[in-house]
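>>> need a 3D model of the sequence below.
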Amino acid sequence: MTSQYQVESLLRPPVELLSAGLAIAMTAVIAGFHQWLYMPPTVAGTAATGFAGYGLWRLRQGFRVLRYRRRLGRLPRFALRRDRIPVSRRQLYVGRGFKWEARHTQR
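Residues are numbered from 1 along each chain as shown. Alright, predicted model coming up:
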């Protein structure tokens, strides 16, 4: 992830959880049924360790996305009455703590 799009990449569904689940399932299959897959125990252990590491890495990434999305709903409430909104011909007031940039206009 680049720093420019780091926040935007956290606003998507956590697709990492799917690959993490598959990798952890493959770990269980290889570790439990390596003789049916005609794998020697050393190769099966190495493969299972690799899949487990990859699965845990993707699980951590998925939980990071979930944690970010869950915390979005915890922002403090901010409301203004209509007569309190600043009016100007030169600037547009869009709220507290929000900087309007060209990329927002493009969207």
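
>>> ok, and the closest non-adjacent residue to the most centrally placed residue in the chain?
Nearest to the geometric centre of the chain sits Val65, at 2.4 Å (CA atoms, centre = their mean). Spatially, and ignoring its direct neighbours in sequence, Val65 is nearest to Pro14 (4.1 Å; CB to CB, 6 or more residues apart in numbering). Backbone N, C-alpha and C define where each C-beta goes, glycine included.

>>> is it true that that neighbour touches Leu66?
Yes - if you go by CB atoms under 8 Å, Pro14 and Leu66 touch, sitting 5.2 Å apart.

>>> and the two? Which one has more around it.
Counting neighbours by other CB atoms under 10 Å for Pro14 and for Leu66 shows that Pro14 has the greater number, 19 against 15.

>>> distance check, that one against Gly45.
Here the criterion is CB to CB, to the nearest Å. By it, Pro14 lies 30 Å from Gly45.

>>> check Phe33 too.
Counting by CB to CB - Phe33 and Gly45 are separated by 13 Å.

>>> who has more neighbours, the two?
For Phe33 versus Gly45, neighbours defined as other CB under 10 Å are more numerous around Gly45 (14 against 11).

>>> spatially, what comes nearest to the more buried one if we skip its sequence neighbours?
That would be Ala31: by CB to CB, 6+ apart, it lies 7.7 Å from Gly45.

>>> so the one you found is in which element?
Per DSSP states H and E: Ala31 is located in helix 16-32.

>>> which strands and helices sit next to the helix or strand following that helix?
Heading C-terminal from helix 16-32, the first helix or strand you meet, by DSSP H and E, is helix 41-72. Helix 41-72 sits against helix 16-32, with contacts defined as 3 or more CB pairs under 8 Å, 6 or more residues apart in numbering; DSSP states H and E.

>>> in the helix it packs on, which residues are buried?
By neighbour count with 16 or more other CB atoms under 10 Å, helix 16-32 contains the buried residues Glu16, Leu17, Ser19, Ala20, Ala23, Ile24, Met26, Thr27, Ile30, Ala31.

>>> could you give the angle of it to helix 41-72?
Counting by axes from the mean of the first three to the mean of the last three CA atoms, to 10 degrees, helix 16-32 lies at 160 degrees to helix 41-72.
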